[in-house]
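[1] predicted structure and sequence below. I'll ask about it afterward.
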Amino acid sequence: MPVYQYRCLNCRKRFELFMSYSEYGKKTVACPHCASDQVQRRIGRIRVAKSEESRLESFGSPDDMAGLENDPRALGQMMRKMGNEMGEDLGPEFNEVVGRLESGQDPDEIEKALPELGEDDGGLGGMGDLG
């Protein structure tokens, strides 16, 4: 059942109601705080599910990524954006590396300073080859 958001025009409090599609528009809505029927429907935030392909397209073409290997700040910003698009917490190590890149630190320096990162794949996921 969908959740509908309202604001009471009498007491100004916000509230939500669960209603079926068939009830919406037919059922009288009253504020649970003051019982007033003077309410206004609010439109809440929506989420849009994206495919992996559309998420990758949001980063631009390969031409847009040209030069990232020479610009640690831009590389860090792009990595942060990619991490946010994934919608998962990538952990403190990821945040540490991205933070260092965004501050302008060279990927090779990061790899030397944090040798324990990416030991399984021979480095920072190939990031050391970017700088």
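    Cool, the structure landed. Keep in mind the model is a prediction, meaning the values are calculated, not measured.

[2] roughly how far does the residue nearest the centre of the chain sit from E116?
    Residue closest to the average C-alpha location in the chain (Cα atoms, centre = their mean): N84, at 4.2 Å. According to Cβ to Cβ, to the nearest Å, N84 stands 25 Å off from E116. C-beta here means a position set from N, CA and C on the backbone, and glycine is covered the same way.

[3] do C8 as well
    Distance from C8 to E116, by Cβ to Cβ: 55 Å.

[4] next one: I110
    Separation of I110 from E116 (Cβ to Cβ) stands at 12 Å.

[5] okay, those two: which has more neighbours?
    Between I110 and E116, I110 has the larger neighbour count (other Cβ atoms under 10 Å), namely 23 against 6.

[6] tell me the average confidence for stretch 77-96?
    On average, the pLDDT along stretch 77-96 is 79.

[7] so which bits of it are buried?
    M78, M79, R80, G83 (16 or more other Cβ atoms under 10 Å).

[8] just the element for the first one, please.
    Using DSSP states H and E, M78 maps to helix 72-86.

[9] is it true that Q105 touches P72?
    Yes - using Cβ atoms under 8 Å, Q105 is in contact with P72, at 6.1 Å.
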